[in-house]
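Colleague: kindly generate the corresponding structure for this input.
(one chain, ligands or ions: 2)
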Amino acid sequence: MEPEALEICPYNPHHRVPLSRFQYHLASCRRKNPKKAKKMASCKYNACHVVPIKKLEEHEAVCVSRSTMEEEDSLCPLKVSLPSSDTNCHPTFKTLRPGG
Ligand SMILES: [Zn+2]
Ligand SMILES: [Zn+2]
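Modeller: Ligands and ions are numbered 1, 2, ... in the order given. From the prediction side, this is the model:
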């Protein structure tokens, strides 16, 4: 199994968060760091990119999500399809008896 890619939290570089939980983490960390959050802004191309407001323009100019924006406007989470389990229920169809 491949190790999940870890993103560094913009609010606290000690936080390494799996990409699948990154947006959730950002929201909760933002609430815990309101002072820091005031100085940060999220990239208009990717909500996962949180950068200092001063650097936002600079970031958006080179943002990696900028070019893919037109192709995919949102990240779709991986969908896990469950294999259909065998049905163990008894068949209940009526059979016509030949001589009644
Ligand atoms: Zn954090
Ligand atoms: Zn960005």
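
Colleague: could you pull out the helices for the protein?
Modeller: Here the chain has its helices, by DSSP state H, at 19-32, 34-38, 53-62, 65-68.

Colleague: the third one near ligand 2 at all?
Modeller: Yep, that's helix 53-62 we're talking about. No. Judged by Cβ under 5 Å from the ion, helix 53-62 and ligand 2 are separated, with a smallest distance of 5.5 Å. (Each C-beta comes from the backbone N, C-alpha and C, glycine too.)

Colleague: quick one: contacts of that helix?
Modeller: Outside helix 53-62, the residues that touch it by Cβ atoms under 8 Å, 6 or more residues apart in numbering are 39-41, 43-45, 49, 51, 66.

Colleague: try the shortest one
Modeller: For helix 65-68, contacts defined as Cβ under 8 Å, 6+ apart pick out 43, 45-46, 49, 60.

Colleague: what's the farthest-apart pair in these?
Modeller: Asn46 and Glu60 (9.8 Å; Cβ to Cβ).

Colleague: any chance of the helices of the chain in CSV, with mean neighbour count and mean pLDDT too?
Modeller: CSV is the format used below for the helices of the chain (neighbours: other Cβ atoms under 10 Å; pLDDT from 0 to 100):
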stretch, mean neighbour count, mean pLDDT
helix 19-32, 14, 94
helix 34-38, 11, 96
helix 53-62, 12, 96
helix 65-68, 13, 80
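
Colleague: what parts of this protein come near ligand 2?
Modeller: So the chain meets ligand 2 at 43, 45-46, 49, 63, 65 (Cβ under 5 Å from the ion).

Colleague: look up how far Val64 lies from Glu7.
Modeller: Counting by Cβ to Cβ, to the nearest Å, the separation of Glu7 from Val64 is 13 Å.

Colleague: please say which of these two ends up with more neighbours.
Modeller: The neighbour count for Glu7 versus Val64, taken as other Cβ atoms under 10 Å, is higher for Glu7 (19 against 11).

Colleague: can you tell me how far that one sits from Lys54?
Modeller: 21 Å.

Colleague: what's the answer for Val62, then?
Modeller: 15 Å.
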